[in-house]
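1. Here is the input, now give the coordinates:
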Amino acid sequence: MKIQESLVCAARTMGFVVVLGLLILSPRGMAHDGSRPAIEPERQRPAGSQSYQPTHRDGQGDILFDFEHRIDAQVLTALGVESESSESGDRHRFQEAAVATRDLPEPTVVPLWPDKAPNGDGSFESSQAKLTVHLPKNPCGSAVIICPGGGYGGLVTGAEGHDIAKWLNSHGIAGIVLEYRLPAGRSFVPLLDAQRAIRMVRSNADAWQIKPTRVGIMGFSAGGHLASTAATHFDEGNSDADDMLDRISCRPDFAVLIYPVVTMGENTHLGSRANLLGPKPTPQMIEQFSNEKQVTEKTPPIFLAHALDDEPVPSINSQQLFVALQSAKIPAKYLELPSGGHGLNGYQGPMWDAWQKQSLEWLVEQDLIELQAQEK
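-> Here you go, the predicted structure:
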């Protein structure tokens, strides 16, 4: 038995050394002059953004990535190793969430359009769009409408929908999952659903114990595009509208965008653009739905998180929006994650935990939520 244990220990040590050596010799990990890790121009962070890992600056003031932390994270991932402190922390968080959500009210499903739904071109259709309302046991008064991703061709309602609602509930926040209509080239359909959802949540503020001035929207991937569209395309309501809901503002009070599609231009996710705008969108439509170009002084505060190694939706989507928000002096935070790809390692691990923790902290700082201690 001791011999077997020694062999296993030696194998693990050799594996660590091999992987570490490969990472150090990797072209991505070497500086052009061999002195320090190089950083590609498009990977540089906009001023004011924040990396998940510590950073330092060179003599010219350029922001550099903490390469040692990246190596550590890559080695641990390659070896399938999780630090003891991380494992213990995750177990503690899971236990807290389980306790906090144990006796929550059953989610309520609310049709978004009881009658016909508008398509944005004067036509109407029957619609299955709906809200699933997850209410916390001890509400803090804030609500978040959740837009799952799926490339505008489907909806990831589990990990990017109901699971998020339960996490929000564990912090006293109402989580409301929006199952919006898929556009199939009808560009305004998802936005009309998101605007309707915001109005509907505000209209139910008393019943759902929500403050109408603390209604936010959150989105992932293409759902992040929808959330950013709702945050840049809104109205204050029409006081003369026949439908009482249309008299209510559809401006969200804040937005949380996680690995979002933002632009419909050069750096977009082509599948999402084709599904939203059709195969041959006009320059005008590309401009209108490139939300980094639609920021105004009325845009609400926005939190963004994106992994540098996200290939399907490059992180420049978040970077460009963050720069536009800064230019307009809109409160914003951009959390640049060193790794995790699209979906952040399958919705788990330190990168996933980082955006959840820091988004809540930022929303508290902005006085948009008040975290409540949940009953145990």
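2. could you point out which element follows the strand or helix carrying Leu276?
-> Secondary structure assignment for Leu276, by DSSP states H and E: helix 270-277. Using DSSP H and E, the helix or strand that directly follows helix 270-277 along the chain is helix 283-288.
3. Now do that following helix, average pLDDT.
-> Helix 283-288 comes out with an average pLDDT of 98.
4. Tell me the buried residues in stretch 135-148?
-> 135-137, 139-148 (16 or more other C-beta atoms under 10 Å). (Each C-beta comes from the backbone N, C-alpha and C, glycine too.)
5. quick one, what contacts Ala332?
-> 301-304, 322, 325-326 (C-beta atoms under 8 Å, 6 or more residues apart in numbering).
6. Repeat the analysis, applying 6 Å as the threshold.
-> The neighbours of Ala332, taking C-beta atoms under 6 Å, 6 or more residues apart in numbering as the test, are 302, 322, 325.
7. out of those residues, which are inside strands?
-> Assigned to strands by DSSP state E, the following of these qualify: Ile302.
8. ok, so of the contacts of Ala332, who is nearest Thr268?
-> Of all the contacts of Ala332, Thr268 sits closest to Phe322, with 16.6 Å by C-beta to C-beta.
9. okay, now the closest one: neighbour count?
-> When counting by other C-beta atoms under 10 Å, one arrives at 28 neighbours for Phe322.
10. With adjacent residues omitted, what lies nearest to it?
-> Nearest in space to Phe322, with sequence neighbours left out and distances taken as C-beta to C-beta, 6 or more residues apart in numbering, is Tyr334 at 4.0 Å.
11. Next, count neighbours for the one you found.
-> Tyr334, neighbours per other C-beta under 10 Å, totals 24.
12. element containing it?
-> Using DSSP H and E, Tyr334 falls within strand 332-337.
13. which ones are touching Val262?
-> Residues near Val262 by C-beta under 6 Å, 6+ apart: 228, 291-292, 317, 321.
14. Strands of the stretch 201-350 of the chain, start to end?
-> Per DSSP state E, counting those that start in this stretch, the stretch 201-350 of the chain carries strands over the ranges 215-220, 254-258, 302-307, 332-337.
15. From the chain's centre, how far out is the shortest one? Work that out for me.
-> Offset of strand 254-258 from its chain centre (C-alpha atoms, centre = their mean, to the nearest Å): 6 Å.
16. now for that strand, which elements pack on it?
-> Applying 3 or more C-beta pairs under 6 Å, 6 or more residues apart in numbering; DSSP states H and E, we find strand 254-258 packed against strand 215-220, helix 222-232, strand 302-307.
17. how about it: buried residues?
-> By neighbour count on 16+ other C-beta under 10 Å, the buried set for strand 254-258 is 254-258.
18. swap in the third one?
-> By neighbour count, with 16+ other C-beta under 10 Å as the criterion, the buried positions of strand 302-307 are 302-307.
19. follow-up on the earlier one: which one of the contacts of Ala332 is nearest Val156?
-> Of all these, Ile302 has the smallest distance to Val156: 21.3 Å, by C-beta to C-beta.
20. That closest one and Ala255 touch, don't they?
-> Yes: between Ile302 and Ala255 there is a contact at 4.6 Å, judged by C-beta atoms under 6 Å.
21. By mean pLDDT, point me to the weakest helix or strand of this structure.
-> One helix or strand of the chain scores below all others by mean pLDDT, DSSP states H and E: strand 63-65, with a mean of 30.
22. Low-confidence stretches in the stretch 51-200 of the chain?
-> Where the stretch 51-200 of the chain drops to pLDDT under 70, the residues are 51-104.
23. quick one, helices of it?
-> For the stretch 51-200 of the chain, applying DSSP state H, counting those that start in this stretch gives helices covering 67-79, 84-100, 163-169, 189-203.
24. pLDDT score assigned to Ser327?
-> pLDDT for Ser327: 98.
25. For Ala328, see how far away the closest residue to it other than its chain neighbours is.
-> Nearest residue to Ser327 in three dimensions, chain neighbours excluded: Val295, at 7.6 Å (C-beta to C-beta, 6+ apart). For Val295, the distance to Ala328 (C-beta to C-beta, to the nearest Å) stands at 5 Å.
26. and if you look at Ala307?
-> Distance of Ala307 to Ala328, given as C-beta to C-beta: 25 Å.
27. With distance to Gln358 and mean pLDDT as extra columns, can I get the helices and strands packed on strand 254-258 in JSON lines?
-> Formatted as JSON lines, those follow (distance: least, C-beta to C-beta, whole Å; pLDDT from 0 to 100):
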{"stretch": "strand 215-220", "distance to Gln358": "14", "mean pLDDT": "98"}
{"stretch": "helix 222-232", "distance to Gln358": "16", "mean pLDDT": "98"}
{"stretch": "strand 302-307", "distance to Gln358": "8", "mean pLDDT": "98"}
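28. Export those as TSV, with columns for distance to Asn119.
-> As requested, those are exported to TSV (distance: least, C-beta to C-beta, whole Å):
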stretch	distance to Asn119
strand 215-220	21
helix 222-232	16
strand 302-307	28
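29. Which stretch among the ones you listed approaches Ile286 most closely?
-> Closest among the helices and strands packed on strand 254-258, using C-beta to C-beta: helix 222-232, at 12.7 Å.
30. Who are the packing partners of the closest one?
-> Using 3+ C-beta pairs under 6 Å, 6+ apart, helix 222-232 sits against strand 143-147, helix 189-203, strand 215-220, strand 254-258.
31. and these as CSV, adding distance to Leu276?
-> Shown next, in CSV, are those (distance: least, C-beta to C-beta, whole Å):
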stretch, distance to Leu276
strand 143-147, 13
helix 189-203, 7
strand 215-220, 13
strand 254-258, 16
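32. of the ones you listed, which approaches His269 most closely?
-> strand 215-220 (12.2 Å).
33. Report the angle between the closest one and helix 189-203.
-> Strand 215-220 runs at 150 degrees relative to helix 189-203, counting by axes from the mean of the first three to the mean of the last three C-alpha atoms, to 10 degrees.
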